[in-house]
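In: Provided below for reference: sequence and predicted model.
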Amino acid sequence: MDQDADPSGIPPVACASEDLLPNAENLAGKLATSCLGVTACKHIDTAPLVLFLDDRGLSLQATGRKAPGPVRAEFVSGKAGYRLAHGGGTGQLIARAIGLKRTHETLHILDATAGLGQDAFVLAGLGHQVTLLERSPVIHALLADGLARAAADEATAPVVARMKLIQADSIGWLQERARQPVAHVVYLDPMFPHRDKAALVKKEMQLFRPVVGDDPDATELLEAALACARYRVVVKRSRRAPAIEGVAPGLKLEGKSSRYDIYPLRALPSS
């Protein structure tokens, strides 16, 4: 094992400048991993991945000279910022799957597999309260950083104010609250083993899979979600992927590359 590799699987932390070093050291301490100090990712040869702090925030970065670019939780610019400035995602298939066109009430949505928070940001941008659960400490750190930067921006701050991030294993968190309607809708987007080459094209997946792995406990997660949702559970899947084993979805909405399996429990309020 390389001297800077951590047995927990959490990448080391590095930063781009001396003024960011205290923040890098603090993050490394929280994650119980090593801090490589001020360096460039292309110069790191002791770890395949690094959490990197620069003036754009925290990112997950592959190391080496020919590594792909960084992955970060971004809400102010990029796709999330553009979508917010052009309608907020009212035409997104996820809005239909959650049931936002069926009710005028503000919903509390639990995103139990938050990832980089893009879907949660769409839902919060449409005016709903969203609780985000993320069990990976690495992804949680990226998401917390992205939300903090968005909270400091005038355009995105009102949206982030409707988002609450919790680091927790979703199955345990939900099971502790079994038979309690902890949210109107529970949303799941588990990581599944890839069965096709195209699925690995996305840079995020290339970097995330070594960190978070697959979700072999998706069936247990769905069962826990069904015990805690008031109106429905929605599961995002690759369009050609099978549904999660167990109870069959009551409805499916298909897009070009993804599909939403919907498990209705009771009708959404119409007013």
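Out: Received the coordinates, thanks. Residues are numbered from 1 along each chain as shown.

In: got a list of what the closest residue to D169 other than its chain neighbours touches?
Out: Leaving out its chain neighbours, the residue that sits closest to D169 by Cβ to Cβ, 6 or more residues apart in numbering is R135, at 4.4 Å. Placement of C-beta: from N, CA and C, glycine included. Contacts here follow Cβ atoms under 8 Å, 6 or more residues apart in numbering; on that basis R135 touches Q167, A168, D169, S170.

In: Regarding the residue nearest to the second one when sequence neighbours are not counted, what is its secondary structure?
Out: Okay, so that is A168. With Cβ to Cβ, 6+ apart as the criterion, A168 has its nearest non-adjacent residue at 5.3 Å, and that residue is L133. Here L133 is strand, with the state taken from DSSP: H, G, I helix; E, B strand; the rest coil.

In: right, and L133 touches W173 too?
Out: Yes - the criterion here is Cβ atoms under 8 Å, and L133 meets it with W173 at 6.0 Å.

In: Please enumerate the shared neighbours of the two.
Out: Listed as contacting both L133 and W173 by Cβ under 8 Å, 6+ apart are A112, I166.

In: Kindly supply the ChimeraX command isolating those of the contacts of R135 that are buried.
Out: Entered in ChimeraX, the line below selects the buried ones among the contacts of R135, by 16 or more other Cβ atoms under 10 Å:
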select :167,170
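
In: Can you lay out the contacts of R135 as CSV showing secondary structure?
Out: Formatted as CSV, the contacts of R135 follow (three-state DSSP):
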residue, secondary structure
Q167, strand
A168, coil
D169, coil
S170, helix
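
In: Can you tell me which of the contacts of R135 comes closest to L93?
Out: S170 (22.6 Å; Cβ to Cβ).

In: which one is that closest one nearest to, not counting chain neighbours?
Out: According to Cβ to Cβ, 6+ apart, the nearest residue to S170 is A112 (4.0 Å).

In: and what of R266?
Out: Sequence neighbours aside, Y231 is the residue nearest to R266 in space, at 5.8 Å (criterion: Cβ to Cβ, 6+ apart).

In: same check, this time on S17
Out: V38 (6.3 Å).

In: What's the local residue count around that neighbour?
Out: Here the number of neighbours of V38 (other Cβ atoms under 10 Å) works out to 15.

In: now it: how far from D19?
Out: 10 Å (Cβ to Cβ, to the nearest Å).

In: for R96, same thing?
Out: Distance from R96 to D19, by Cβ to Cβ: 46 Å.

In: Counting neighbours, go ahead and name the busier of these two.
Out: R96 (17 against 10).

In: who's in contact with the more buried one?
Out: For R96, the contact set (Cβ under 8 Å, 6+ apart) comprises L253, Y260.

In: got the contact list for R72?
Out: Counting by Cβ under 8 Å, 6+ apart, R72 makes contact with R56, G57, L58, S59, L60, L116, L142, D145, G146.

In: ok, those vs V13, which is closest?
Out: Checking the contacts of R72 one by one against V13 (Cβ to Cβ), the nearest turns out to be L58, at 8.7 Å.

In: Skipping its backbone neighbours, what lies nearest that closest one in space?
Out: Leaving aside its sequence neighbours, L58 sits nearest to D145 (Cβ to Cβ, 6+ apart; 3.9 Å).

In: That'll do, ta.
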